[in-house]
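[1] Have a look; sequence and predicted model below, questions after that.
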Amino acid sequence: MTKTTETSTEVQEMVAQADTGARKPVGIPGRILWFVPLCWSLFQLWYASPLPFIFDFGVLNDTEARSIHLAFAIFLAFTAYPALARSPRDRIPAIDWLLALAGSFSAAYIYLFYTQLANRAGAPTGPDIAIAVTGMILLLEATRRALGPPLMVVAAVFLLYTFGGPHMPDVIAHKGASLNKAMSHLWLTTEGVFGIALGVSTSFVFLFVLFGAMLERAGAGAYFIKVAFSLLGHMRGGPAKAAVVASGLSGLVSGSSIANVVTTGTFTIPLMKKVGFPGTKAGAVEVAASTNGQLTPPIMGAAAFLMVEYVGISYVEVIKAALLPALISYIALLYIVHLEACKAGMTGLKRHYKPTLAQSLLSFSGTILGLIVLSAAVYYGIGWTKDVFGAAATSMIAVVILIAYVALVRLASRYQDHLLEDPNAEITEVPDPGPTIKSGLYFLLPIVVLVWCLTVERFSPGLSAFWATIFMIFILLTQRPLLAMFNQEKSLMQAALEGGVDLLESLVSGARNMIGIGVATAAAGIVVGVVTLTGIGLVMTEFVEFISGGNIMLMLLFTALISLILGMGLPTTANYIVVSTLMAPVIVTLGAQSGLIIPLIAVHLFVFYFGILADDTPPVGLAAFAAAAIAKSDPIRTGIQGFTYDIRTAILPFMFIFNTQLLLMNIDSWWHLFLTVSSAVIAMLTFSAATQGWWFTKTKWWEVIALLLITFSLFRPGFWWDMVYPPKVEQPGVAIHEVAGQLAIGQPLELQVSGENLEGKQISKHVLLPFDPDAADAEARIASTGLMLRQDGDKMLVDLIEFGSAAEAAGIDFDWEITQVSLPAERPMKEWVFIPILLLLGALGWNQRRRARQHVTADA
């Protein structure tokens, strides 16, 4: 066995241990471990489809479906993952069969006895508690096997906190809970294990993971890698740039950082080393690019689907908010790689063809913007058919997509020698982009279907993923027969059988990829349940306010640090659930008290972003270990280097907290959108140059300071503009009717309110209250927010709050005082700041180019 084969085997074993389970038993146990995941996938497809309602059979409510989902996950966690490193891999011990059956029965208990549990009044029975305790213990053990000790330890600590409340330090003490109350709350209701997180895993995440597994099995992963190399391989450090783009595209087919590293890294890392990257940096580039793959819309990590539930907005809105940060992150990584290549004087791979002007233009910008253009083309290019043809548009588009699929497969059949079937095959020169792109264009059609369902049909993420998966099933069954028919290389029967095998194996691999996510969301539900049971959320607000002194910047740093520390051992999804549950409400509340309105989606994306960065945080980081194994480099140094690449983009979350335009919020025109996107991209490139210590040549200390100042000004122009032109006109609370009458439609009512909360603490905070656009006058506008006011001398007091109104949601209570009301000030747009900033940037660039030419002349 060669060293390369040994490395590949070692890496694949690492992926199995992390994502799908390391056991590969033979005989009947092996067949069971193949058949059960297949049944899981078929169950999830049935649950997501409209068929149960059409046939009025097998209709499940959310709680029953979650119960079955977790039963599958726990069963597979005990059978696919060995208990210890020395445990057998080729067989399943009897004790693991017993634990698997006991765990899956405990998880399925709610489904099996749903009617009895629903109709039973009063306290839970002895069997209920026995099952709940058994299930809780086995869930923690399943979590340890599938994900390692960290998440299990975090969940266990929260459980101990539940029972030990009265014995805790005063700052976090609570009255405690009995075993009956805790187990009933955490296992027999939807407040804990079977809560929102597991619901999202059941409804949305499974289908997206299955969709990705099918794309990978169909050959899309290899296609994306080859396309990235054909477009970028010739540039300075081209293989590294191609690795960044390929990993971003692989984020479409893999929700796992380590799987992303292995899929693209076995191919890209050796090529990076070939053009001059040291092993440590080659592995680090792959790690940084792969961890950011979870940011790539339209398919993001499981945490994105949780945001839909936690924030209460549509998945399309989540995609919209995440789009620009994802784009900027990848452009930054590309530029960091470019600067590394420039510093080392690297070149790219040779190309045997002369590029056309179109290929030269596409090589950089087209690759980055391709998916955005595709999404826009679906929405604006064919979205109009929905308005013109109504319900018939869906059938028409389906026929057009099927015709396009057959035509594109016929086109691809002429270029199959350009499709990279083996990612380990060595490439010595850049493949021709034209034939390479044509060899798999039909792989983009499932993404078109997904975007259509999400943005035009406005289906739920689960139903959108279902229809995209159904189309992928069709592709898996037909692509090989169609290619065989067009090429006449093999019999149609043989090709059809191969397609059937591809489908079954993708169903199995998709389910096995879900084991870790299934138990992670269930275990993280323990944390959420403890928060709701003990009221630690209110305690956290006081605790964070105390250690940060109410300073929003210190609070954000504290949150980022928690995310990074927890993320060393927790998967991104579990990390996001834990930190967002504890910290997101705190940041929003304390921000409002400091006069800063922070949208909830901004805080959740902040936590999500640092959870992703934690995937390569040393000393723990399986993605770094996998990359180091391929690069034959030190894993700790590889992880540290990858972290230094990734952490350069960590300025972004801090900026979009203070400038929500980076989340494409409050954009009022195409020109405004262009200014926002272009300034953000330039800012990130400038920041990359400052932190790399290199632009056109090595930067001096004063140039670094100037570049950092430029970066800050481009990201947050309002900081300087507010000093010249105040953003708001402040008026006393008694002027609320006058101000409400002057507001334009869509502008919220902005108030500063103060009063006593339920704990008897005097607080003051900033709130935004949207009003009914149909409200005719100021009185009606104020009433539509849920406020009923009374004036007492020079004070405007809240008399009553309408139940379920915006005012109640903002936390306003009766007898509170409206101390201040704000009206947006008429002022020039803050983007005028860009003119002197860009002039300064141009002067720095001119000086850098001059010095670079002098160095070249001196060397000559």
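    Thanks, I have it.

[2] domain ranges for the protein?
    18-198, 518-678, 679-720+831-860, 728-826 (automatic domain parsing).

[3] Distance from the shortest one to the middle of the chain?
    In other words, domain 679-720+831-860. Averaging C-alpha positions (Cα atoms, centre = their mean, to the nearest Å) puts domain 679-720+831-860 31 Å from its chain's average.

[4] Same question for stretch 323-339.
    With Cα atoms, centre = their mean, you get 16 Å for stretch 323-339.

[5] Same question for stretch 743-758.
    Worked out by Cα atoms, centre = their mean, stretch 743-758 lies 32 Å from the chain centre.

[6] Check the separation of the first and last residues in it.
    Chord length of stretch 743-758, first to last residue, is 32 Å (Cα to Cα, to the nearest Å).

[7] residues of it that come out buried?
    Residues of stretch 743-758 classed as buried by neighbour count (16 or more other Cβ atoms under 10 Å): 743, 749, 750, 751, 752, 753, 755. Any C-beta I mention is one placed from the backbone N, CA and C, and that applies to glycine too.

[8] hang on, the earlier thing: possible to save the domains of the chain as JSON lines with distance to residue 506?
    Below are these laid out as JSON lines (distance: least, Cβ to Cβ, whole Å):
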{"stretch": "domain 18-198", "distance to residue 506": "9"}
{"stretch": "domain 518-678", "distance to residue 506": "18"}
{"stretch": "domain 679-720+831-860", "distance to residue 506": "37"}
{"stretch": "domain 728-826", "distance to residue 506": "43"}
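
[9] Out of those, which is closest to residue 484?
    domain 18-198 (25.5 Å; Cβ to Cβ).

[10] The closest one: how far from the chain's middle?
    Domain 18-198 sits 24 Å away from the centroid of its parent chain (Cα atoms, centre = their mean).

[11] repeat for stretch 320-335
    Using Cα atoms, centre = their mean, the offset of stretch 320-335 from its chain centre is 13 Å.

[12] next one: stretch 457-467
    The answer for stretch 457-467 is 18 Å, by Cα atoms, centre = their mean.

[13] What are the buried residues along that stretch?
    457, 459, 460, 461, 462, 463, 464, 465, 466, 467.

[14] The first one and residue 398 touch, don't they?
    No - applying Cβ atoms under 8 Å as the test, residue 457 and residue 398 come out as separate, 11.3 Å apart.

[15] which intervals of the stretch 551-700 of the chain have sub-threshold pLDDT?
    Scanning the stretch 551-700 of the chain for pLDDT under 70 picks out 567-571, 593-595, 614-622.

[16] Please repeat the previous calculation with a cut-off of 90.
    551-685, 687-700 (pLDDT under 90).

[17] Out of the buried residues of stretch 457-467, list just those in helices.
    461, 462, 463, 464, 465, 466, 467 (DSSP state H).

[18] and the domains of the chain, which is most packed in?
    domain 518-678 (a mean of 21; mean count of other Cβ atoms under 10 Å).

[19] Quick check: buried residues in the longest helix seen in the chain?
    Looking across the chain with DSSP H, the single longest helix is helix 315-344. Residues 315-342 are the ones in helix 315-344 that count as buried (16+ other Cβ under 10 Å).

[20] Identify whichever of the domains of the chain lies nearest to residue 311.
    Among the domains of the chain, domain 518-678 sits nearest to residue 311 (Cβ to Cβ), with 5.0 Å.

[21] Let's test this: mean pLDDT of stretch 333-342, rounded?
    When pLDDT is averaged over stretch 333-342, the result is 82.

[22] which SS state does residue 291 fall under?
    Taken by DSSP: H, G, I helix; E, B strand; the rest coil, the conformation at residue 291 corresponds to helix.

[23] Comparing the domains of the chain by mean pLDDT, which bottoms out?
    Among the domains of the chain, domain 518-678 carries the lowest mean pLDDT, a mean of 78.

[24] now, which of the ones in helices among the buried residues of stretch 457-467 sits nearest residue 840?
    residue 461 (44.2 Å).

[25] gap between the closest one and residue 184?
    To residue 184, residue 461 is 31 Å away according to Cβ to Cβ, to the nearest Å.

[26] Run a quick neighbour tally on residue 400.
    12 (other Cβ atoms under 10 Å).

[27] Would you mind giving me the confidence score for it?
    If you check residue 400, the pLDDT there is 87.

[28] still on that earlier bit, mind putting the buried residues of stretch 457-467 into CSV with distance to residue 478 and pLDDT?
    Formatted as CSV, the entries for these read as follows, by distance: Cβ to Cβ, whole Å; pLDDT from 0 to 100:
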residue, distance to residue 478, pLDDT
457, 24, 78
459, 24, 81
460, 27, 79
461, 26, 79
462, 25, 82
463, 23, 85
464, 22, 85
465, 20, 84
466, 19, 91
467, 17, 91
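
[29] of those, closest to residue 587?
    Nearest member of the buried residues of stretch 457-467 to residue 587, counting by Cβ to Cβ, is residue 461, at 25.5 Å.

[30] Make sure that closest one is actually in contact with residue 206.
    No - Residue 461 lies out of contact with residue 206 (Cβ under 8 Å); the separation is 11.3 Å.

[31] Which residues are in contact with each of the two?
    Counting by Cβ atoms under 8 Å, 6 or more residues apart in numbering, no residue touches both residue 461 and residue 206.

[32] Which of the helices or strands spans the closest residue to residue 562 other than its chain neighbours?
    Distances taken as Cβ to Cβ, 6 or more residues apart in numbering put residue 579 closest to residue 562, at 5.7 Å, once the chain neighbours are dropped. If you go by DSSP states H and E, residue 579 is part of helix 572-593.

[33] then that helix to PDB, C-alphas only?
    Output of helix 572-593 as PDB, limited to C-alpha atoms (Å, rounded to 0.1, in the frame of the first residue of the first chain):
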ATOM      1  CA  THR A 572     -21.900  24.400  14.800                       C
ATOM      2  CA  THR A 573     -25.600  23.600  15.200                       C
ATOM      3  CA  ALA A 574     -25.400  22.700  18.900                       C
ATOM      4  CA  ASN A 575     -23.100  25.700  19.500                       C
ATOM      5  CA  TYR A 576     -25.500  28.000  17.900                       C
ATOM      6  CA  ILE A 577     -28.500  26.600  19.900                       C
ATOM      7  CA  VAL A 578     -26.700  27.000  23.200                       C
ATOM      8  CA  VAL A 579     -25.200  30.400  22.700                       C
ATOM      9  CA  SER A 580     -28.200  32.000  20.900                       C
ATOM     10  CA  THR A 581     -30.500  30.700  23.600                       C
ATOM     11  CA  LEU A 582     -28.400  32.200  26.300                       C
ATOM     12  CA  MET A 583     -27.000  35.300  24.700                       C
ATOM     13  CA  ALA A 584     -29.200  36.600  21.800                       C
ATOM     14  CA  PRO A 585     -32.000  38.000  24.100                       C
ATOM     15  CA  VAL A 586     -29.400  39.500  26.400                       C
ATOM     16  CA  ILE A 587     -27.700  41.400  23.600                       C
ATOM     17  CA  VAL A 588     -31.000  42.700  22.200                       C
ATOM     18  CA  THR A 589     -32.200  43.700  25.600                       C
ATOM     19  CA  LEU A 590     -29.000  45.400  26.800                       C
ATOM     20  CA  GLY A 591     -28.500  47.000  23.400                       C
ATOM     21  CA  ALA A 592     -32.000  48.600  23.600                       C
ATOM     22  CA  GLN A 593     -31.100  49.900  27.100                       C
END
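
[34] what's the angle between the very next helix or strand once past it and helix 315-344?
    Following helix 572-593 in sequence order, the next helix or strand is helix 600-613 (DSSP H and E). Counting by axes from the mean of the first three to the mean of the last three Cα atoms, to 10 degrees, helix 600-613 lies at 40 degrees to helix 315-344.

[35] which secondary structure elements does the helix or strand following helix 600-613 contact?
    Toward the C-terminal end, the helix or strand that comes next after helix 600-613 (DSSP H and E) is helix 622-631. With contacts taken as 3 or more Cβ pairs under 8 Å, 6 or more residues apart in numbering; DSSP states H and E, helix 622-631 sits against helix 3-15, helix 257-274, helix 279-291, helix 635-647.
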